[in-house]
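1. Below is the sequence, then the predicted model.
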Amino acid sequence: MGEADMDFSSYVTSFRSNLCGEPDNSLIGQEVKLCGWVNKRRDHGKLIFIDLRDFSGIVQLVFDSKTSVHSYKLAKTIRNEYVITVTGVIRKRSVETINTSIPTGEVEVAVMDMVIFSKSKTPPFMLDHRDSVEENTRLKYRYIDLRSDQMQENLRMRHRITQTVRKYFDSKGFVEIETPILAKSTPEGARDFLVPSRINRGKFYALPQSPQLFKQILMFSGFDRVYQVARCFRDEDLRADRQPEFTQIDLEMSFVSVEDVINVIEGMFKDIFSHVTGKELNIPFKRITWQESMENYGSDKPDLRYGLNIRDISHIFKKSGFRVFSSVLERGGCIKSIIVKDSKRFSRKDLDNMVGIAKGSGAAGLVWIKLDQDMKFQSPVAKFLSDDEIKVLTETLNLEAGDLVLIVADDFLISCQALGVLRTHIADKSGLIKDGEFNFVWVYEFPLFELGSEEGKITPMHHPFTRPDNETLEYIDNDPLKVKSQAYDIILNGQEIGGGSIRINDMKLQKKIFSLLELSEEKIEENFGFFIKAMEYGIPPHGGIALGMDRLTMILLNLKSIREVIAFPKTQSAVSLLSGSPSGVSEKQLREANIRLVDDM
RNA sequence: GGAGCUGUCGUCUAGCGGUUCAGGACACAUGCCUGUCACGCAUGAGAUCGCGGGUUCAAAUCCCGUCAGCUCCGCCA
C-alpha cells in the first residue's frame, strides 16, 4: 500500500490520469483513465465487477451490458492478473453498496472503454492466500509474491529507511562514495566469494565482505566523513537473518572518538523512527560494557526487553560441602543463576530440556531448584545443600514461593553464556517479549582479542585495525586478552544490528597488533600491504560503524526473516529459486576464465 | 559438516498398511445470474501421493537412501 503522504499527481502519465487507490468522493463525476492488474472479477451476468489493483490500492470497475457493449463483452474474457486500462467515470455508490473495507469503497468506476495490455496465465497462487503459501513457491514466482500488499509494504518501508539515512548523512556532511565490488580479500574472518580474472590469468578478485579498507583509505584521503549503502558478500552458511549478499549502512569519520560515532548513529535512528515509523525515539540509548553484558545477560547482544538477569551466587558456596559447586570455585570458576517466576509452568520434561540446552552451550550441567508453596527446595541436589546455604541463597536472591532457580557452575564465560541462552529460551517460551517494543543498547569495551580456534592463538574480536583502549593498553605484552578495545556494537531487541570501532592510526601499534596475531611480513604484505603502505603517508584519527540494513528493516517490521525485506533472496542452500543461480557455465566461459573443473563426481 | 521439522491436484490440506490408485476447500473450465465485493447456483476437468530402492499378499501410509524447502548448531559480526 501507498506512502502516508503520497502525491498522486506525480504518477499521471500519458497512460493514466489517476491511480487505483485514489478515487473518492472528491472525484465524483470526473472521467478517469486507470491502469492496473485485475485483482478479481465478479460476473453477475449482465453486470460485471472487476477490482483493479495497482501499488496504491484497489478500485471497483463496473461493466454494464447496456451502457458499454464493447467493454462489457471484453470484460467477460478478463481473468485474474490481466493488465488492463480503462476509461470511465467516477460514480458514487448507493449507500447499501458501499464497501467499507477499502479506501475507495464509497465510489466506483463506470467503465466506458477498456484495453487489455497483457493477458495472464492462471497464477500459481492467489495473492489473497499468499500468507499460507509455502515459501519455496513464493520464491519461485517471486514476481507474483512481490505484488502482494505485504511485500510492497516491506520493500517500500526499506526504501524509506534508505532515503532517510541518505538525507540524514548528507545533512551531517557525509559524502557517499562507491567502492569496488571487484575487490581484494578483506581481513574480516568470513570466506570470500572469488571472481576469476580473464585478463590476469590465474588470478582472482574477491567480492568485498564490507567496504572496510576502502572507507578507511577515504579517511586517509581527507574526505573527513563518508558513508555508503553498501552491498557486502560473505560465503558462509545462511540463516533466517543471514544471506550471502546483504546490505550495510557503512560509514567512517575522521577526528572522532567513540562518543562522536555513537552520537551520529543515535541521531540517525531518531530520524528513521520519526520519518519512517512515526514514533519518537528516546536518545541517548543505554550503554553497557561487554563485561556487564556477559555478566548480566550472558550474551554480547543482550535483549533488555525483559528481566531474568543473571545473578552471581559464588560467595554462598565458597565452603560448600557440595563438591560440584566448591570444586568449580577452587579452580577459579564461578556460580551463576537466574530466577524464573511461576515455576509450575515448567514440567520435568521442560527442565530436562533446559539441562540439555545448558550442556549444549558448553556448561558441565545445570542445577535447578523449584520452591514449593512452603518455600521448600525441590531439586535433585537439595540434599547436598546445607540449611545455612539454603537460607543465604533464599535471602540473597529474594526467593519467593513458586520460584525456579537455574544454576550453572563453571568458568565465568561458560556459566554466563549457558544461562544467557536459557534466558532467551525461557523468555521466548513464556511470552515475556512484547511485540512493538524497540529496545536499543550499545555494548562497548569489547576485549581486543579472543582465543582463536587454533590452540593458544589469539584473533581479533572485531578486526585487526581496531584501536585498543588506552587504559588497558599496558597489558598488551604480558596479557593481551586483558586489553579492551574501542569497539562498539548496537543491539536492537537482542539482535546485533551494527558494530564498529575507532581504528588504529599509529603504525607502530598496528605492527605490534600484527605480530601478536602472528601474521608474517609476507602475509601482511600479501593481504593488505597496500593498506599498510597508505598508513605511512599521514592519516587522521578515525573510526566508523556498519549497520545491517536487512536486519534493521526486518526488526522494524516485526518480521522473522530478512528474506521478507529482500526482493530476490536466496534459499538456505544459497540458490535463487527464481533465476536458478548458481548454474553451470559453458566450456568457452571456463576457458576464458582459465578455469578447469575438477571432475570428482 | 551435524541435528530437527516438512514434502499428497495450480494452491492449502484430509488420509498415516486393505470398501480411498486418494476426500475437501479455494483456484481453473463451461453454462446461468443487474449490485457484488470471500458474489451465488449448476456441471466438469485436474494428483501414480518429491524421487529411488526395500519390507509385505497389499504402501501415499512402514523401513533405508536421496533430493528440495525451513529452523538451529558449527561457520559467520
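-> Everything's here; your move.

2. Outside of stretch A:503-519 itself, list whatever touches it.
-> The list of residues contacting stretch A:503-519 from outside it, by Cβ atoms under 8 Å, 6 or more residues apart in numbering, reads A:216, A:449, A:457-460, A:464-468, A:476, A:480, A:524, A:527, A:532, A:535-536, A:539-544. Every C-beta, even on glycine, is put in place using the N, C-alpha and C of the backbone.

3. Swap in 6 Å and give it another go.
-> Residues external to stretch A:503-519 that are found in contact with it (Cβ atoms under 6 Å, 6 or more residues apart in numbering): A:464-465, A:467, A:480, A:524, A:535, A:539, A:541-543.

4. what's residue A:276 in contact with, if anything?
-> Neighbours of residue A:276 in contact, by Cβ under 6 Å, 6+ apart: A:160-161, A:164.

5. let's see it at 7 Å
-> Each residue near residue A:276 by Cβ atoms under 7 Å, 6 or more residues apart in numbering is listed here: A:157, A:160-161, A:164.

6. Going by neighbour count, which of the residues you listed comes out on top?
-> Scoring the contacts of residue A:276 on neighbours with other Cβ atoms under 10 Å, the highest-scoring entry is residue A:161 at 23 neighbours.

7. Confirm for me that that residue is in contact with residue A:555.
-> No. When contacts are counted by Cβ atoms under 7 Å, residue A:161 is not listed as touching residue A:555 (11.2 Å).

8. For residue A:368, what is the enclosing helix or strand?
-> strand A:367-371 (DSSP states H and E).

9. which helices and strands does that strand pack with?
-> Identification of packing neighbours for strand A:367-371 by 3 or more Cβ pairs under 7 Å, 6 or more residues apart in numbering; DSSP states H and E yields strand A:377-378, strand A:404-410.

10. so what's the closest residue to RNA strand B within the stretch 451-600 of chain A closest to, chain neighbours aside?
-> Distances from the stretch 451-600 of chain A to RNA strand B, computed as Cβ to the nearest atom of the strand, single out residue A:572 as the nearest residue at 2.9 Å. Ranked by Cβ to Cβ, 6 or more residues apart in numbering and with sequence neighbours excluded, the top spatial neighbour of residue A:572 is residue A:238, at 4.9 Å.

11. That neighbour - how many residues pack around it?
-> The burial metric for residue A:238, expressed as a neighbour count using other Cβ under 10 Å, is 17.

12. Could you report the pLDDT at it?
-> Turning to residue A:238, the model gives it a pLDDT of 97.

13. next one: residue A:155
-> What the model reports for residue A:155 is a pLDDT of 97.

14. That one: neighbour count?
-> Other residues lying near residue A:155 total 16 when counted by other Cβ under 10 Å.

15. can you check residue A:230 too?
-> By other Cβ under 10 Å, the burial measure for residue A:230, its neighbour count, is 23.

16. Residue A:223 and RNA strand B, how far apart?
-> The spacing between residue A:223 and RNA strand B, counted by Cβ to the nearest atom of the strand, to the nearest Å, is 23 Å.

17. before we move on, back to that, of the helices and strands packed on strand A:367-371, which stretch is the most buried?
-> With neighbours defined by mean count of other Cβ atoms under 10 Å, none of the helices and strands packed on strand A:367-371 is more surrounded on average than strand A:404-410, at a mean of 25.

18. helix or strand right after that one?
-> helix A:412-429.

19. any idea how far that next one is from the chain center?
-> What separates the centre of helix A:412-429 from the centre of its chain is 21 Å, taken as Cα atoms, centre = their mean, to the nearest Å.

20. ok, now stretch A:179-195?
-> 21 Å.

21. neighbouring contacts of it?
-> If you take Cβ under 7 Å, 6+ apart as the criterion, stretch A:179-195 is touched by A:204-215, A:228, A:233-236, A:463-464, A:527-528.

22. Please repeat the previous calculation with a cut-off of 8 Å.
-> So stretch A:179-195 is in contact with A:204-215, A:228, A:230-231, A:233-236, A:244, A:459, A:463-465, A:527-528, A:530, going by Cβ under 8 Å, 6+ apart.
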